[in-house]
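K.L.:
Provided below for reference: sequence and predicted model.
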2 protein chains.
Amino acid sequence: MSVQKEITRENNERNILKAAEEIFAQYGFRGATTDLIAKQAGLPKANIHYYYKTKELLYRAVLERVLDEWSEAAKVFEQYEEPKVALTKYIESKMKFSRSRPYASKVWANEVLHGADAVSGFLKTSVKTWLNDRNQLLQKWIYDKKIKPVDPTAFFYMIWAATQHYADFDHQIVILNDGLPYSDEEYQQKIKQLTELILGSVGLD
Amino acid sequence: MSVQKEITRENNERNILKAAEEIFAQYGFRGATTDLIAKQAGLPKANIHYYYKTKELLYRAVLERVLDEWSEAAKVFEQYEEPKVALTKYIESKMKFSRSRPYASKVWANEVLHGADAVSGFLKTSVKTWLNDRNQLLQKWIYDKKIKPVDPTAFFYMIWAATQHYADFDHQIVILNDGLPYSDEEYQQKIKQLTELILGSVGLD
DNA sequence: GTCTATACGTTGATAGAC
DNA sequence: GTCTATCAACGTATAGAC
């Protein structure tokens, strides 16, 4: 294959993945149609099937990309020693991801909601490993009396739920805010608020 | 219409609503088929359409029932004066609902995820009113120095997200727990843990 | 690699006998 | 009120020209 064709393929795949993420997020797996994805990507329907043999394979590619980006965002955790700083950076990172990539979060949420079949492999391996490692770190913090003794898993679930809520439930949030989406400044305030709440929950004030 | 027929109708509607809630939760609006709902309810497909003219109307009936039950569960909030007790009871109530009615929570989550069109009416009225009232109550608690000064809305979103996570993300939770669903005792522990975290977040220890 | 036309399965909804 | 048979619409996937 020529270099030019490689580039064409990569561009098209990225373009299709982006379009598919939006459509899957908005309509769910079954509600999304290849035609809608094609229109969103500005391509005829048949081209989608040329790059991704089936709708299912395209869907899995979208989910894998989401997990990759999440993993990347979660790395801030390792860059700071102090519990307060590490948690603050982690919450900020998750909140910013919810803000910049709501569709990514929603595709994942939708998949888990409906059985998690397409992501069970990722959950058993990468996610499970990450959670185990972080749990150990928290146990250490507890042992060192740096944070209150808490169930680390319950704590992380709370962080995941609370931060992803701003992406997954954004329509509800807008309606409850009288139809007004949060401005960047307001969203920064929400990050600050949530950070204080979560830090407070383990005694870090 | 005779009394007997009234009873038949009510029984069938309840039966169909229950089946529809499960199927919509598992497959989403578009993924759920009237045939699947019919099978789940033990009826031929045509009977579903006899009781609910369209799939859309059935869907809305399911969502309305979910909101009714949520409102009912939220009433514990008014029954206790002390912040610590009221919040503890509210969290417990929400967690028990997540445990006993995961499908109900999931249908709502799925609907909001995909645009909240079918529930925007409820959000603008009942939910908005409830949230406003509770926000005022929290402002009073803050003024009385009973809890730390926090953004009440951000606080409630955290509670909603954290408690509903146990229903909406139950598949993920099971996988991360090595494929083992929580026992009743384990779940009680999670309720206790989450309650402590949330109380801690507003300085109630 | 792109695109039009189409085959084939599925599904929401109804007609009409019981 | 129940159920079987049926239809029209839609959606995935492919064939085949360019």
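P.N.:
Structure's in. What do you need?

K.L.:
which helix or strand contains A:Phe29?
P.N.:
Element membership for A:Phe29 (DSSP states H and E) is helix A:3-31.

K.L.:
which other helices and strands contact that helix?
P.N.:
Packed against helix A:3-31 by the contact rule (3 or more C-beta pairs under 8 Å, 6 or more residues apart in numbering or on different chains; DSSP states H and E) you find helix A:34-41, helix A:45-51, helix A:55-74, helix A:102-113, helix B:3-31. (Each C-beta comes from the backbone N, C-alpha and C, glycine too.)

K.L.:
can that helix be found next to DNA strand C?
P.N.:
Yes: contact of helix A:3-31 with DNA strand C is found when judged by C-beta under 7 Å from any atom of the strand, involving A:5-6, A:8-9, A:12.

K.L.:
how is chain A divided into domains?
P.N.:
A:1-53, A:63-201 (automatic domain parsing).

K.L.:
A:Leu197 contacts B:Pro149, correct?
P.N.:
No: no contact is recorded between A:Leu197 and B:Pro149 when judged using C-beta atoms under 8 Å, the distance being 11.3 Å.

K.L.:
among the helices and strands packed on helix A:3-31, which is nearest B:Asp178?
P.N.:
Taking C-beta to C-beta as the measure, the helices and strands packed on helix A:3-31 were each checked against B:Asp178, and helix A:102-113 came out nearest at 16.8 Å.

K.L.:
what sits closest to the residue positioned nearest the centre of chain A if chain neighbours are left out?
P.N.:
For chain A, the residue sitting closest to the mean C-alpha position, by C-alpha atoms, centre = their mean, is A:Ser105 at 3.9 Å. Nearest residue to A:Ser105, sequence neighbours excluded (C-beta to C-beta, 6 or more residues apart in numbering or on different chains): A:Ala167, at 3.6 Å.

K.L.:
then A:Lys45?
P.N.:
Taking C-beta to C-beta, 6+ apart as the measure, A:Lys45 lies nearest to A:Ala38, with 4.4 Å between them; neighbours along the chain are not counted.

K.L.:
can I assume the one you found is in contact with A:Tyr51?
P.N.:
No: with contact defined as C-beta under 8 Å, A:Ala38 and A:Tyr51 do not form a contacting pair (10.7 Å).

K.L.:
near DNA strand C, which residues of chain A are found?
P.N.:
Of all the residues in chain A, those in contact range of DNA strand C (C-beta under 7 Å from any atom of the strand) are A:1, A:5-6, A:8-9, A:12, A:43-47, A:50.

K.L.:
would you list the buried entries among those?
P.N.:
Under a neighbour-count criterion of 16 or more other C-beta atoms under 10 Å in any protein chain shown, the subset of the residues of chain A next to DNA strand C counted as buried comprises A:12, A:43.

K.L.:
now the residues of chain A next to DNA strand C as TSV including pLDDT?
P.N.:
What follows is these, written out as TSV (pLDDT from 0 to 100):
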residue	pLDDT
A:Met1	56
A:Lys5	77
A:Glu6	82
A:Thr8	86
A:Arg9	88
A:Asn12	92
A:Leu43	95
A:Pro44	96
A:Lys45	96
A:Ala46	97
A:Asn47	96
A:Tyr50	97
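
K.L.:
circling back to that earlier point, closest one to A:Gln26 out of the residues of helix A:3-31 next to DNA strand C, please.
P.N.:
Each of the residues of helix A:3-31 next to DNA strand C was checked against A:Gln26 using C-beta to C-beta; the closest is A:Asn12, at 21.3 Å.

K.L.:
that's all I had, so thanks and see you.
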